[in-house]
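# Below: sequence and its predicted model.
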Amino acid sequence: WFIRDGVLTANESMSFLKMKKPKGLIFKGPRTPPGSVLEWGFLFEIIEKIGFCSKWCKWVDSCLKSASISILVNCSPTKEFLMERGVRQGDPLSLFLFILAAEGLNALINEAVTKNIFKGVIVGDNQVMVSHLQYADDTIIFSEWSRRNARNIMGVLKCYEEVAGLKNNFRKIKLYGVGVERQKVDNMTRFMRCGVGDFPFTYLGLSIGVNMWRTLAWNVVIEKFKSRLFEWKSKAISFGGRLTLVKSVIGSLSLYYFLMFRVPSCVISALE
């Protein structure tokens, strides 16, 4: 449900901006994989603010500080030494700790909006403020179109980078302009030293900024169907094997989209 809420909110925000014609900007940052640079002090500060008990924090502290690592030099491992920051890759606990650390970005953005450092966008008849959407480490930031807002949003992201230790490649951050001429978007991206994004874009595996009532918006799903079927057609697969592939693979390709949007009847006919 959290994924569905995020996708629907993003699409509704885009539709409202296009319909009401206010100029807006969207920052979409790259996903930062759990790496070896997460600052422990920042992590435990977040954990305590969330409200985890001291006993649980001590368990996590012991798990992190008991780890030792070595470095491969000329294909030979060096002597092991203790870690002072970061999380162990491949450890299931590391993913949860990384998600908790990402909550710090949520707090920074909320504080920035509260103190009017940058403005989100007003969406809907109830005048709901939407400043950002976050699922794990996948973040989209909405704001009114202005150089001040763009500069301050980048400042918030750089602040998070410094305190959390998670390095972001700012050139991979995409800036999208809603209701803004392409030349102005290009000028803004050169000023911010980030990338320029085009609509529609993908968020949590689904297209944002496209009207899903239109048949053309479903071409992505139809093409996925065709590519899989063409790949299997060239192989000598038994009837039972083909049936299994259709149920397990083809069914899952469309199910995610079907759960989010109402499918036009012509699209269903094309898929059948």
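That came through, no problem.

# Mind jotting down where the helices sit in the stretch 51-200 of the chain?
Here the stretch 51-200 of the chain has its helices, by DSSP state H, counting those that start in this stretch, at 54-65, 92-114, 147-164, 182-192.

# Quick one, which of the ones you listed gets closest to Val37.
Val37 lies closest to helix 147-164 among those, at 8.6 Å (CB to CB). Bear in mind the C-beta positions are built from the backbone N, C-alpha and C, glycine included.

# Is it possible to get CSV of the helices of the stretch 51-200 of the chain that adds mean pLDDT, distance to Gly86 and mean neighbour count?
Output for these, formatted as CSV (pLDDT from 0 to 100; distance: least, CB to CB, whole Å; neighbours: other CB atoms under 10 Å):
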stretch, mean pLDDT, distance to Gly86, mean neighbour count
helix 54-65, 89, 8, 13
helix 92-114, 88, 9, 17
helix 147-164, 89, 11, 17
helix 182-192, 89, 29, 14
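
# I'd say Asp61 and Phe44 touch.
Yes - contact criterion CB atoms under 8 Å: Asp61 and Phe44 qualify, at 7.2 Å.

# Centroid-nearest residue for this protein?
By CA atoms, centre = their mean, the chain has its centre lying nearest to Asp138, at 2.0 Å.

# what does the longest strand anywhere in the chain rub up against?
In the chain, taking DSSP state E as the definition, the longest strand is strand 138-144. Outside of strand 138-144, the residues within contact range by CB atoms under 8 Å, 6 or more residues apart in numbering are 10, 13, 22-29, 31, 102, 105, 109, 118-121, 130-134, 149-150, 153, 203-204.

# Specify the angle between it and helix 147-164 in degrees.
150 degrees (axes from the mean of the first three to the mean of the last three CA atoms, to 10 degrees).

# distance between the ends of stretch 208-218?
12 Å (CA to CA, to the nearest Å).

# gap between the residue lying closest to Leu43 once chain neighbours are set aside and Ser94?
Nearest non-adjacent residue to Leu43, counting by CB to CB, 6 or more residues apart in numbering: Ala101, 5.2 Å away. According to CB to CB, to the nearest Å, Ala101 and Ser94 sit 10 Å apart.

# Arg4 now?
Per CB to CB, Arg4 is found 27 Å from Ser94.

# likewise Ser15?
For Ser15, the distance to Ser94 - CB to CB - is 38 Å.

# got it, and Ser248?
Applying CB to CB to Ser248 and Ser94 gives a distance of 30 Å.

# what's the answer for Lys167, then?
From Lys167 over to Ser94 (counting by CB to CB), the distance is 17 Å.

# do Val267 as well
Taking CB to CB, one finds Val267 at 40 Å from Ser94.

# Could you do Glu80 as well?
To Ser94, Glu80 is 19 Å away according to CB to CB.

# now do Lys174
27 Å.

# where in this protein is pLDDT low?
1-2, 30-36, 168-169, 234 (pLDDT under 70).

# Which residues does stretch 236-251 contact?
Contacts of stretch 236-251 (CB under 8 Å, 6+ apart): Phe225, Arg228, Leu229, Trp232.

# chain center to it, what's the gap?
32 Å (CA atoms, centre = their mean, to the nearest Å).

# Mind listing what's buried along it?
Leu245, Ile250 (16 or more other CB atoms under 10 Å).

# any residues touching stretch 109-126, and which ones?
12-13, 16-17, 22, 24, 128-132, 141-144, 148-149, 152-153, 155-156.

# Repeat the analysis, applying 6 Å as the threshold.
Stretch 109-126 is contacted from outside by 13, 16, 24, 129-132, 142-144, 149, 152-153, 156, using CB atoms under 6 Å, 6 or more residues apart in numbering.

# Which two among those are spaced furthest apart?
Longest span within the contacts of stretch 109-126, CB to CB: Phe16 and Val156, 23.5 Å.
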